[in-house]
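# Need a 3D model of the following:
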Amino acid sequence: MADAHKGLRNEQLTRNLTVNLRCPATFVTFRQWSLRRAFRPQSLHPVGKRVPASMLTMEEALKGSDLRFAPGQIVKGIIIEVRAREVLVDIGYKSEGVVSAAEFEDISSVKVGDEVPIYIEKLEDRDGMVVVSKERAEFKQNWEKILSCATEGGVISGKVKAVVKGGLLVNVGVEAFLPASQVDVVPPKNLQIYVGNNYDFKIVKINQDRQNIVLSRRELIEAERAERRSRLLQEMTPGDIRKGTVKNITDFGAFIDLNGLDGLLHITDMSWGRIGHPSELLKVGQEIDVVVLDVNKEKERVSLGLKQKLRNPWESIEEKYTVGQRVHGKIVNLVPYGAFVEIEPGVEGLIHVTELSWTKRIAKPSDVLKQGQEIDAVVLGINRDEQKISLGIRQLEANPWDSAHEKYPPGTKVKGKVRNLTSYGAFVELEEGIDGMVHVSDISWTRKVNHPSEVLKKGDEVEAVVLEVDRPNQRIALGVKQLGEDPWEHIDRHYKVGDLVTGKVTKLASFGAFIGLQNEIDGLVHISQVSEDRVEKIKTVLTVGQEVTARVVKIDRAERRIGLSIKAANYSPEQLKEEQKILDALKPGEDLVALASAFDAADEARAAREKE
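Numbers count the residues shown, from 1 in each chain. I've put the predicted structure just below:
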């Protein structure tokens with residue numbers, strides 16, 4: 001009777017002390033909570049046996065519930081309600097736990113009654129609620145699992161979760177970091193394309209203190225490529241045709257990815273024809289079939305070819321084209337020395353600048369031709385070994401020089417305009433494209449001409465005589481002086497030694513003065529023959545244009561010169577005879593400038609006689 005009364009009293013006490021526990025999930029009376037705990041199979045009652053609820057006091061129930069829970073523990077939780085932003089979980093504690101919906105990978109698949117691991121962060125917060133986390137529970141479990149089975153250098157699978165600063169966040173059971181530089185062999189520009197995909201990763205570093213992991217996908221790719229590269233080098237032989245992808249384009253060629261092994265496709269092996277830049281044929285990412293030309297296993301280098309898939313057009317070039325044949329093509333390149341013409345794909349010929357015209361002097365091909373222009377030409381030569389064809393345009397027309405010797409035989413008098421002056425002569429245009437040259441020595445019989453500009457000017461109309469026609473070198477020699485008689489042929493008719501002559505000073509030099517005589521003949525007065533007195537500078541006693549009288553003291557046919565003496569104009573016959581002996585001692589052909597020594601010798605002889 002007493003026991004029944006005692007049980008009734010406890011029941012009344014429990015009912016009277018009913019407490020509403022504040023919880024975001026639900027409101028549970030203390031009686032409901034205590035009964036729920038009391039009849040669990042694994043009750044934590046001190047005796048360790050199932051005890052009827054009527055036999056538990058409030059103090060015993062509270063004490064029993066706290067024994068199995070502590071911060072940092074992982075316990076099993078049962079989902080009792082799923083909301084839009086949170087999930088209520090029963091962990092067997094006095095209050096339900098609240099887990100953010102963000103901690104679930106797919107909230108739509110979560111159902112009431114599901115069991116999930118729960119990590120206890122705090123037993124009570126300011127509101128008396130237990131603070132829990134599903135993610136931390138899974139992280140702790142996975143971290144311990146990873147430490148037990150994974151080491152640095154090992155391989156682990158994971159799913160890319162998000163893009164973060166400097167790389168990617170990867171879920172491998174726990175969140176790990178994948179630096180952007182370790183995503184691929186070539187750092188990607190857009191990391192977003194990797195989010196949501198599963199990959200294998202190499203564990204680069206495990207930091208147990210900070211509980212983080214650094215991964216690398218690049219090292220796995222490089223190791224795989226190295227293995228494939230080694231296998232390809234062993235399998236590959238020259239002549240193989242392989243499929244590859246254009247990886248990179250440079251000025252000298254393109255690098256082709258042969259599924260793990262890079263090969264070089266040089267620009268010269270892309271086409272039998274002319275290519276200005278590899279980008280004209282290829283683009284990055286393009287798939288092509290290439291021919292293996294050479295394999296260097298030691299340096300891991302492979303040379304590739306594209307044009308080798310086609311027959312070399314130069315192998316049968318001599319069968320297609322012959323010297324003298326007329327061909328049609330397009331100008332593909334202009335250079336200072338000529339123009340390259342494509343006469344068929346892969347075959348180009350060169351028109352040298354000298355083969356553009358028979359008569360016109362063309363400085364550079366671009367003056368008469370344009371790139372892309374279609375023209376006709378004549379084959380001049382073929383060299384199959386060097387893959388060269390010489391072409392000409394001027395051969396399409398008759399060469400006017402072939403008939404030049406008939407049109408301008410030597411001795412023919414011609415007229416033309418002075419087109420150009422050089423230091424050695426003047427070029428006279430006889431007809432369009434055909435010039436003749438008057439050498440400086442063929443301008444005058446009597447006058448020494450140092451430069452043609454002393455007598456001729458550009459644009460002057462001149463008459464000349466054809467002296468010679470050089471057909472192979474396309475030259476015509478002309479002469480102006482040949483229009484008249486050479487006065488030196490009959491010089492004795494005009495001048496004799498001892499004659500007194502009158503003329504004007506035409507030119508002054510340091511050694512004397514030139515005097516213009518009749519028949520356009522110049523005489524030379526040496527400075528020692530100007531005056532009986534010693535003259536230091538000729539310009540102090542003579543001026544250009546001054547008229548003087550002098551005596552002929554020397555006639556040199558070889559040099560076509562006449563020696564004059566102003567001071568000898570008043571000499572007696574005896575004095576002239578004395579000086580004539582000395583002058584006669586000069587060798588034939590000796591330059592009249594050497595008269596200075598002869599005159600000096602005559603002066604010394606005269607001075608000696610006067611002393612005697």
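# what is the mean pLDDT for stretch 327-336?
If you average the pLDDT over stretch 327-336, you get 91.
# ok, the spatially closest residue to W314 that is not a sequence neighbour to L265 distance?
In space, and not counting its chain neighbours, W314 is closest to Q387: 4.9 Å by Cβ to Cβ, 6 or more residues apart in numbering. Bear in mind the C-beta positions are built from the backbone N, C-alpha and C, glycine included. As judged by Cβ to Cβ, to the nearest Å, Q387 and L265 stand 20 Å apart.
# Would you agree N259 is in contact with R229?
No - N259 lies out of contact with R229 (Cβ atoms under 8 Å); the separation is 9.3 Å.
# neighbour count winner among the two?
Higher neighbour count among N259 and R229: R229, with 18 against 12, using other Cβ atoms under 10 Å.
# Skipping adjacent residues, who's closest to that one in space?
Nearest residue to R229 in three dimensions, chain neighbours excluded: L261, at 4.4 Å (Cβ to Cβ, 6+ apart).
# With A226 instead?
With Cβ to Cβ, 6+ apart as the criterion, A226 has its nearest non-adjacent residue at 7.9 Å, and that residue is G260.
# Is K417 within a helix or a strand, and which one?
Element membership for K417, per DSSP states H and E: strand 413-421.
# which residues of the stretch 401-550 of the chain score low on pLDDT?
Within the stretch 401-550 of the chain, no stretch has pLDDT under 70.
# mind listing the helices in the protein by residue range?
2-16, 30-38, 58-66, 134-149, 218-235, 317-320, 404-407, 491-494, 573-584, 595-611 (DSSP state H).
# I'd like to know how far E578 sits from E86.
From E578 to E86 the distance is 145 Å (Cβ to Cβ).
# Of the two, give the one with the bigger neighbour count.
Taking other Cβ under 10 Å, E578 and E86 do not tie; E86 has more neighbours (18 against 15).
# What sits closest to the more buried one if chain neighbours are left out?
With Cβ to Cβ, 6+ apart, the residue lying closest to E86 is V98, at 5.2 Å.
# Counting neighbours, what do you get for the one you found?
Residues near V98, counting by other Cβ under 10 Å: 19.
# For it, name its beta-bridge partners.
L88 (DSSP bridges).
# got a pLDDT number for it?
V98 carries a pLDDT value of 89.
# Quick check: the gap between it and Y321.
With Cβ to Cβ as the criterion, V98 and Y321 are 91 Å apart.
# The spatially most central residue of the chain: what's it in contact with?
The chain has D251 as the residue nearest its centroid, 5.7 Å off, counting by Cα atoms, centre = their mean. By Cβ atoms under 8 Å, 6 or more residues apart in numbering, the contact list for D251 reads 267, 277-278.
# please redo it, this time with the cut-off set to 10 Å
267, 276-279 (Cβ atoms under 10 Å, 6 or more residues apart in numbering).
# Which members of the residues you listed are classed as buried?
Buried members of the contacts of D251, counted by 16 or more other Cβ atoms under 10 Å: 267, 278.
# Tell me the one among the contacts of D251 nearest to W401.
G276 (37.8 Å; Cβ to Cβ).
# Read off the pLDDT value for that closest one.
81.
# Next up, phi/psi of it, please.
When read as degrees, to the nearest 10, the backbone of G276 gives phi -80, psi -40.
# cool, the one 5 residues further on as well?
Its backbone dihedrals place L281 at phi -110, psi -30, with angles given as degrees, to the nearest 10.
# May I ask which helix or strand of this structure has the lowest mean pLDDT?
Every helix and strand in the chain was compared by mean pLDDT, DSSP states H and E; the lowest is strand 20-21, with a mean of 30.
# on that earlier part again, neighbour count winner among Q387 and L265?
Using other Cβ under 10 Å as the criterion, Q387 and L265 rank with L265 on top: 27 against 15.
# for the stretch 401-550 of the chain, what spans make up the strands?
Taking DSSP state E, counting those that start in this stretch, the strands of the stretch 401-550 of the chain run over residues 413-421, 425-431, 434-439, 461-470, 475-479, 500-509, 512-516, 522-526, 547-556.
# Verify the contact between V291 and K243 for me.
No - taking contacts as Cβ atoms under 10 Å, V291 lies outside contact range of K243: 11.5 Å.
# Which of those two has more residues huddled nearby?
Neighbour count, other Cβ under 10 Å: between V291 and K243, V291 has more, with 18 against 11.
# Report the beta-bridge partners for that one.
I241, G305.
# Repeat that for V335.
Going by DSSP bridges, V335 forms beta bridges with G338.
# And it, how far from R274?
For V335 relative to R274 (Cβ to Cβ), the value is 12 Å.
# How about R471?
Taking Cβ to Cβ, one finds R471 at 37 Å from R274.
# quick revisit: list the contacts for the residue nearest to A226?
Counting by Cβ under 10 Å, 6+ apart, the residues that G260 touches are 221-222, 224-232.
# The residues you listed, buried ones only, as a PyMOL selection?
This is how PyMOL selects the buried members of the contacts of G260, with burial counted by 16+ other Cβ under 10 Å:
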select buried, resi 221+222+225+229+232
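# can you redo the contacts of G260 as TSV with distance to A404?
Below are these laid out as TSV (distance: Cβ to Cβ, whole Å):
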residue	distance to A404
I221	76
E222	75
E224	77
R225	72
A226	74
E227	77
R228	73
R229	70
S230	73
R231	73
L232	68
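# what's the closest of the contacts of G260 to G392?
Nearest to G392 out of the contacts of G260 is L232 (Cβ to Cβ; 49.9 Å).
# re earlier: each with direction, which strands does the strand holding K417 pair with?
For strand 413-421, pairing defined by DSSP bridges yields strand 425-431 (antiparallel), strand 461-470 (antiparallel).
# Please list the residues outside the last one that contact it.
Just to be clear, that refers to strand 461-470. 401, 404-418, 426, 428, 430, 436-439, 442-443, 455-456, 475-484.
# got the domain boundaries for the chain?
2-137, 150-221, 236-309, 313-394, 400-483, 496-611 (automatic domain parsing).
# Which of the ones you listed has the lowest mean pLDDT?
domain 2-137 (a mean of 64).
# quick revisit: thought the residue nearest to E86 was touching V131?
Yes - counting by Cβ under 10 Å, V131 is a contact partner of V98 at 8.5 Å.
# S157 versus the nearest residue to L233 once chain neighbours are set aside, what's the distance?
Excluding its sequence neighbours, the residue lying closest to L233 (Cβ to Cβ, 6+ apart) is K297, at 5.1 Å. With distances taken as Cβ to Cβ, K297 is found 34 Å from S157.
# likewise G324?
Distance from G324 to S157, by Cβ to Cβ: 75 Å.
# got the buried residues for stretch 453-464?
Result for stretch 453-464 [16+ other Cβ under 10 Å]: buried residues 455-456, 462, 464.
# cool, stretch 344-356 as well?
For stretch 344-356, by 16+ other Cβ under 10 Å, it's 346-351, 353, 355-356.
# ok now that stretch, how far from the chain's centre?
Its chain's C-alpha centre lies 26 Å from the corresponding centre of stretch 344-356 when counted by Cα atoms, centre = their mean, to the nearest Å.
# What of stretch 256-276?
17 Å.
# ok, back up a step: taking the contacts of strand 461-470, please make a ChimeraX selection of just the buried ones.
Of these, the buried ones go into a single ChimeraX selection, burial set by 16+ other Cβ under 10 Å:
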select :401,404,407,408,414,416,418,426,428,430,436,437,438,439,442,443,455,456,476,477,478,479,480,481,482
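# wait, doesn't I249 sit right on V284?
Yes - at 6.2 Å, I249 counts as touching V284 under the criterion of Cβ under 10 Å.
# more crowded one of those two?
A count of neighbours by other Cβ under 10 Å puts I249 above the other of I249 and V284, at 19 against 12.
# show me what contacts the residue lying closest to that one once chain neighbours are set aside?
Closest residue in space to I249, ignoring its immediate chain neighbours: P278 at 5.1 Å, by Cβ to Cβ, 6+ apart. Going by Cβ under 10 Å, 6+ apart, P278 touches 246, 248-254, 265-267, 270, 306.
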